[in-house]
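>>> Next comes the sequence, and after it the predicted model I'd like to discuss.
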Amino acid sequence: MDPIRIAIIGVGNCATSLLQGFEYYKHASATREGLLHERIGPYRPSDIAVVAAFDVDARKVDKPLEDAAAALPNCTTWFVKRLPHSGVRVQMGPVLDGVGAHMLPQPAERTFVVAKRKPVEVAKVLRKSGAEIALNYLPVGSERATASYAQACLETRVSLINCMPVFIASDPAWAAKFKQRGIPLIGDDVKGQLGATILHRMLANLFRIRGASIDRTYQLNVGGNTDFLNMLNQERLRLKKISKTEAVQSVLNTRLPDGNIHIGPSDYIPWQKDRKVCFLRIEGRGFGDCPIELEARLSVEDSPNSAGMTIDAIRCLRLARDRKLAGPLFSVSAWTMKHPPKPMEDERARQLIEAFIQGTGNV
């Protein structure tokens, strides 16, 4: 069986966690904990092979992938001793708007050090590598850079898993382009396996199905990785806030007024590194209009949390390619992403993705 050949766009914490997951779950039957599916169709995690990678940091460009994954400013936890030799060297990608101006004055160990190299032709590298799926892990706010990689995928008929909040799969124009080219894709903005968004959605849905109303809610997130530093810039945060807010609004019977819902990254605390802490509050009313107040605190390793969903998205996308599907995969996107093309309740998405995996459901 041919491996699932993937290209990684942005060798940051999320990519590092995913690469570790490939190694950790090579023997999935013995280490099943934390993996949603040992098999998706015929595919195990060990069937995924990285064949190309792109970044713009001088500490990663031209380096072996396994060395780049361990380079600063990456700060995620390591749950394997080392990564195996990959045979892949990280290529210089286009910078465009991938690095915010506010990042450059920061200490080097916390931020990007842009390599003084000419970007490669992404489409050419994708073709030569034989990649069939590209994972977009660019920083939040990288709208033009994401568009350039999406265009390269269109040119080469490479599928895209858009793990960050620039709207590709959920944008009708982009979705139509991928469908016309016969390319399946998944997006946008990956959920954590058990993260702030899924917890908030579940609790909001609990109010709804138990007959209680929600008047106000907030979700405040703090962390110490480069992503949180990047999101201190409110303009780069614009689409991220839309993505996270809509993920919660979509499960409510009645949308909350903008002034009564606040969801999004709130601050950067360097010593937290890749540890993300969520503070969540819901105020509502139950029987007899009596008040209900709920508060929760969730602490997770941010990047491994996202890798738990991405490792399934990769294998589902390979199934879609095997089945000659095209355009956004609606059930897989709804299950794995915050801003999918067709939002749906999580349990419904879970049922549909299981049917998709078994081959008894549509996309």
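On my side now, so go ahead. Numbering: from 1, shown residues only.

>>> tell me how far the top helix by length along the chain is from the chain's mean position?
When the chain is parsed with DSSP state H, its longest helix is helix 302-322. Once both centres are worked out by C-alpha atoms, centre = their mean, to the nearest Å, helix 302-322 turns out to sit 9 Å from its chain's centre.

>>> which residues of the stretch 201-350 of the chain fall in helices?
Ranges of helices in the stretch 201-350 of the chain, per DSSP state H, counting those that start in this stretch, are 226-230, 238-249, 302-322, 330-336, 346-358.

>>> Restricting to C-alpha, output the longest helix of the chain in CSV.
The C-alpha coordinates for helix 302-322 follow below in CSV (Å, rounded to 0.1, in the frame of the first residue of the first chain):
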residue,chain,number,x,y,z
ASP,A,302,-2.0,23.2,22.9
SER,A,303,-0.2,21.6,20.0
PRO,A,304,-0.6,17.8,20.8
ASN,A,305,-4.3,18.7,21.3
SER,A,306,-4.6,19.8,17.7
ALA,A,307,-2.5,16.9,16.3
GLY,A,308,-5.1,14.4,17.7
MET,A,309,-7.5,15.8,15.1
THR,A,310,-5.1,16.3,12.3
ILE,A,311,-3.9,12.7,12.2
ASP,A,312,-7.5,11.7,11.5
ALA,A,313,-8.1,14.4,9.0
ILE,A,314,-5.1,13.3,6.9
ARG,A,315,-6.3,9.7,6.7
CYS,A,316,-9.9,10.8,5.9
LEU,A,317,-8.6,13.0,3.1
ARG,A,318,-6.7,10.1,1.7
LEU,A,319,-9.9,8.0,1.7
ALA,A,320,-11.6,10.9,-0.2
ARG,A,321,-8.8,10.9,-2.8
ASP,A,322,-9.1,7.1,-3.1
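
>>> so it versus helix 346-358, what angle?
Interaxial angle, helix 302-322 versus helix 346-358 (axes from the mean of the first three to the mean of the last three C-alpha atoms, to 10 degrees): 50 degrees.

>>> related to what we said a few turns ago, so which of the helices of the stretch 201-350 of the chain is the most packed in?
Ranked by mean neighbour count, the helices of the stretch 201-350 of the chain are led by helix 330-336 with a mean of 26 (mean count of other C-beta atoms under 10 Å). Heads up, the C-betas are built off the backbone N, CA and C, glycines and all.

>>> re earlier: quick one: which of the helices of the stretch 201-350 of the chain is nearest Ala204?
helix 238-249 (5.7 Å; C-beta to C-beta).

>>> tell me what the closest one is packed against?
helix 196-209, strand 213-223, strand 261-268 (3 or more C-beta pairs under 8 Å, 6 or more residues apart in numbering; DSSP states H and E).

>>> Now render the ones you listed as CSV, adding mean neighbour count, mean pLDDT and distance to Lys63.
As requested, these are exported to CSV (neighbours: other C-beta atoms under 10 Å; pLDDT from 0 to 100; distance: least, C-beta to C-beta, whole Å):
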stretch, mean neighbour count, mean pLDDT, distance to Lys63
helix 196-209, 19, 97, 32
strand 213-223, 19, 97, 25
strand 261-268, 19, 91, 26
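
>>> okay, now the residue nearest to Lys118 when sequence neighbours are not counted: neighbour count?
Leaving out its chain neighbours, the residue that sits closest to Lys118 by C-beta to C-beta, 6 or more residues apart in numbering is Met92, at 6.9 Å. A total of 20 residues lie near Met92 under the criterion other C-beta atoms under 10 Å.

>>> phi, psi of Arg39?
Note on Arg39: its backbone torsions stand at phi -130, psi 140 [degrees, to the nearest 10].

>>> oh, and call the first residue 634 from now on, that's how I've got it
All set: I'll call the first residue 634, so the last point we hit is now Arg672.

>>> List the residues that contact it.
If you count contacts by C-beta atoms under 8 Å, 6 or more residues apart in numbering, Arg672 has none.

>>> And it, how far from Gln991?
11 Å (C-beta to C-beta, to the nearest Å).

>>> what are the ranges of the strands in the chain?
Listed in chain order, the strands of the chain (DSSP state E) span 637-642, 681-688, 723-725, 766-769, 792-795, 817-820, 846-856, 894-901, 908-918, 924-934, 960-961.

>>> Just name the most buried of the ones you listed.
Comparing the strands of the chain by mean neighbour count (mean count of other C-beta under 10 Å), strand 817-820 ranks first with a mean of 30.

>>> Who are the packing partners of that strand?
Secondary-structure packing of strand 817-820 (3+ C-beta pairs under 8 Å, 6+ apart): strand 792-795, helix 805-813, helix 935-955, strand 960-961, helix 963-969.

>>> Please export the C-alpha coordinates of stretch 841-861 as PDB.
Taking Å, rounded to 0.1, in the frame of the first residue of the first chain, the C-alpha atoms of stretch 841-861 are listed here in PDB:
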ATOM      1  CA  ARG A 841     -29.900  24.000  25.000                       C
ATOM      2  CA  ILE A 842     -31.000  20.400  25.200                       C
ATOM      3  CA  ARG A 843     -31.900  20.800  28.900                       C
ATOM      4  CA  GLY A 844     -34.200  23.700  28.200                       C
ATOM      5  CA  ALA A 845     -32.000  26.500  29.700                       C
ATOM      6  CA  SER A 846     -31.200  29.700  27.900                       C
ATOM      7  CA  ILE A 847     -27.800  31.500  27.700                       C
ATOM      8  CA  ASP A 848     -27.700  35.200  28.200                       C
ATOM      9  CA  ARG A 849     -23.900  35.800  28.200                       C
ATOM     10  CA  THR A 850     -20.700  33.900  27.800                       C
ATOM     11  CA  TYR A 851     -17.000  34.300  27.500                       C
ATOM     12  CA  GLN A 852     -14.000  32.200  26.700                       C
ATOM     13  CA  LEU A 853     -10.600  33.600  27.600                       C
ATOM     14  CA  ASN A 854      -7.400  31.800  26.600                       C
ATOM     15  CA  VAL A 855      -3.800  32.400  27.600                       C
ATOM     16  CA  GLY A 856      -0.600  30.700  26.400                       C
ATOM     17  CA  GLY A 857       3.100  31.100  26.000                       C
ATOM     18  CA  ASN A 858       3.800  29.800  22.500                       C
ATOM     19  CA  THR A 859       4.600  31.800  19.300                       C
ATOM     20  CA  ASP A 860       1.000  31.600  18.200                       C
ATOM     21  CA  PHE A 861      -0.200  33.500  21.300                       C
END
